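Asks: Provide a 3D model corresponding to the input given below.
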Amino acid sequence: MSDEIFSDDVWTEVELTSECYNPYIVEPFFDEDAAQFFLCRKEQEKKPVRMSMVVFRKYGTEEWEDDIMDGVIEAQALGSGSEEPQPVLLYNIGVSPKDFVQVVSQNGGSLTFAVNYEDGEVEIEGATKVAEGFRVNREQLMNEGTFEMKLTPEDGSAPFTLHLSLPYLGMTIRDGEGNPVSGELNVPFMDIMNYTYTFKGNVDDDRFTISFNNDKIIYVYILTENGKLSIRSKKDHMDKVGETDAEGRLALLLQGIPNAVIKHKEQRWRITVTD
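Replies: Next up is the predicted model:
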């Protein structure tokens, strides 16, 4: 990089629409048809500028060009006179953002996804390479959820990192320190309010059950279109008895009952709240 000095009070901004986002990538992508550049000056209203008034360069290089290129780039709106507006950093991957990462399959044990990147190599920390793309297991999703994706362009330009944010499908219960827990849980009454639950489902996996006090009460919790859980009584012909949030404090889900078994597919939590 050169020792160029950008103006402190003049800079470039870009506004990106929802079309510039992939649901599984933290960073937005640049899409010429869904972006608007602005030239901004301190204490002045920002001014929209046309693409013809913006120059581009690969991040880490010196020469500005009129045409945008793929990869990690800087974009600079042209200023007036001696102004050198600060550039904005962009990711231009050469494919439609919605097609870049797609979930191929997901079950209770793992999630498999494909990455559409033909201009270089893809490495994902902690993920296993499979025929369909990459796979991460349930424990990784519960403990991490966000994964670093290293892209190395084949044109020899510097590698860059994006961040995957992958959903976990199913039930997660966490202790007061945020650690996922399962199996036999003996939780002191003073600690139960610090435990949390989260249920994420889809049309093929939309429910779990809780049996209270050795099956005296059995409720089925079904995810609804509004993101709530409809509570149905299994012993009363699935009549609706209430509604609750899909995530929150575990104590509220247990309704103050000290003995419960939560079941979701092959997962089990046998919970006893102790004095």
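Asks: Can you show me the helices along the stretch 151-275 of the chain?
Replies: 250-253 (DSSP state H, counting those that start in this stretch).
Asks: what about the worst-scoring helix or strand of the chain on mean pLDDT, distance to the chain center?
Replies: None of the helices or strands of the chain scores lower by mean pLDDT, DSSP states H and E than helix 138-143, at a mean of 81. Centroid separation for helix 138-143 versus its chain: 13 Å, with CA atoms, centre = their mean, to the nearest Å.
Asks: cool, stretch 84-96 as well?
Replies: 21 Å.
Asks: do stretch 81-98 as well
Replies: 23 Å.
Asks: now do stretch 69-79
Replies: 26 Å.
Asks: Check stretch 201-211 too.
Replies: With CA atoms, centre = their mean, you get 21 Å for stretch 201-211.
Asks: quick one: contacts for the nearest residue to residue 229 once chain neighbours are set aside?
Replies: In this structure, residue 229 finds its nearest non-sequential neighbour in residue 221, 4.4 Å apart by CB to CB, 6 or more residues apart in numbering. Glycine gets a C-beta too; all of them are placed from N, C-alpha and C. By CB atoms under 8 Å, 6 or more residues apart in numbering, residue 221 lies in contact with 199, 207, 208, 209, 210, 229, 230, 231, 232, 244.
Asks: Got the confidence number for residue 221?
Replies: Note for residue 221: predicted pLDDT of 98.
Asks: Could you tell me how far it is located from residue 138?
Replies: 20 Å (CB to CB, to the nearest Å).
Asks: hang on, the earlier thing: tell me the helices and strands packed up against the least confident helix or strand of the chain.
Replies: Judged by 3 or more CB pairs under 8 Å, 6 or more residues apart in numbering; DSSP states H and E, helix 138-143 is in contact with strand 180-181.
Asks: what does the strand it packs on contact?
Replies: Residues contacting strand 180-181 (CB under 8 Å, 6+ apart): 139, 142, 143, 172, 173, 174, 175, 195, 269.
Asks: For the residue nearest the centre of the chain, give its distance to residue 241.
Replies: Geometric centre of the chain, nearest residue: residue 165, 3.2 Å, by CA atoms, centre = their mean. For residue 165, the distance to residue 241 equals 35 Å [CB to CB].
Asks: now swap in residue 32 and tell me
Replies: Taken as CB to CB, the span from residue 32 to residue 241 is 53 Å.
Asks: Please say which of the two ends up with more neighbours.
Replies: residue 241 (12 against 8; other CB atoms under 10 Å).
Asks: Where do the helices of the stretch 1-150 of the chain begin and end?
Replies: 97-100, 138-143.
Asks: Fine by me, we can end here.
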